[in-house]
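Trainee: Quick one, fold the following:
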Amino acid sequence: MTTFRIAPSILSADFARLGEEVRNVVTAGADIIHFDVMDNHYVPNLTIGPLVCEAIRPHVQVPIDVHLMVKPVDRIIPDFAKAGANIITFHPEASDHIDRSLQLIRDHGCKAGLVFNPATPLSYLEHVMDKIDMILIMSVNPGFGGQSFIPRALKKIAEARRLIDESGRDILLEVDGGIKIDNIAAAAAAGADTFVAGSAIFGKPDYKAVIDAMRAQLATV
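Mentor: Below you'll find the predicted structure:
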């Protein structure tokens, strides 16, 4: 029986009330807080850093999943680990030495993962599956919230699921980008077990109603 996890992205939250927002979304049933970090360099946007992660850490007991859309990554990894991150993922294109970056995350006590853009091949995984705790498949091109799901991502999710199953390792398979009530079941059927949703949750007045509706769809898979 697959355990499904809902990971609201605070990129779509009300930043003026961020502590309250993360508390409310966890009360509504969120399993993970997804924390999007953009540097206006690797991606064309600028968001939040370790100080914000440190600020929200006391407000929630659930894991904080930090998605680094920055280049280079190694300099900032220790800062997020110290700020309270539980999982840190990065894009292989943003590291000169992927194996070393993954080990750096683990050396700082966090789970480590790689993120794959729509056009990024999964072949990067061949040499580092033993250091991977999470694979994140982007179902939009990174850099902005509120984008539409790219259907071809389902094929990549299925391919990643096959690699995880063949490895025999306990690796989370997360999908991020345009996840909503009407497509979350398709992503789950393809093999995803962790679902990032930003505007689909924070853009609605009743967070619990949205998360419950997502879980109802997941129950059909």
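Trainee: tell me how far the ends of stretch 13-33 are from each other?
Mentor: Terminal residues of stretch 13-33 are spaced 11 Å apart (Cα to Cα, to the nearest Å).
Trainee: if you go through the chain in chain order, where are the strands?
Mentor: Applying DSSP state E to the chain gives strands spanning 5-8, 33-38, 64-69, 87-90, 111-116, 134-138, 172-176, 194-197.
Trainee: Please identify the most buried of the ones you listed.
Mentor: Highest mean neighbour count among the strands of the chain (mean count of other Cβ atoms under 10 Å): strand 87-90, with a mean of 28. Every C-beta, even on glycine, is put in place using the N, C-alpha and C of the backbone.
Trainee: So what's the gap between that one and the chain middle?
Mentor: In terms of Cα atoms, centre = their mean, to the nearest Å, the centre of strand 87-90 is set 8 Å apart from its chain centre.
Trainee: partners of that strand, with directions?
Mentor: Using DSSP bridges, strand 87-90 pairs in its sheet with strand 64-69 (parallel), strand 111-116 (parallel).
Trainee: Can you add mean pLDDT and give the ones you listed back as a markdown table?
Mentor: Output for these, formatted as a markdown table (pLDDT from 0 to 100):
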| stretch | mean pLDDT |
| --- | --- |
| strand 64-69 | 98 |
| strand 111-116 | 98 |
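Trainee: The strands of the chain into JSON lines, with extra columns for distance to Val221?
Mentor: Formatted as JSON lines, the strands of the chain follow (distance: least, Cβ to Cβ, whole Å):
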{"stretch": "strand 5-8", "distance to Val221": "14"}
{"stretch": "strand 33-38", "distance to Val221": "21"}
{"stretch": "strand 64-69", "distance to Val221": "22"}
{"stretch": "strand 87-90", "distance to Val221": "23"}
{"stretch": "strand 111-116", "distance to Val221": "22"}
{"stretch": "strand 134-138", "distance to Val221": "17"}
{"stretch": "strand 172-176", "distance to Val221": "13"}
{"stretch": "strand 194-197", "distance to Val221": "12"}
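Trainee: what residues are up against the nearest residue to Met134 once chain neighbours are set aside?
Mentor: The spatial neighbour of Met134 that comes closest, neighbours along the chain excluded (Cβ to Cβ, 6 or more residues apart in numbering), is Gly113 at 3.2 Å. Taking Cβ atoms under 8 Å, 6 or more residues apart in numbering as the contact definition, Gly113 lies against Ile87, Ile88, Thr89, Phe90, Ile132, Asp133, Met134, Ile135, Leu136, Leu172, Glu174.
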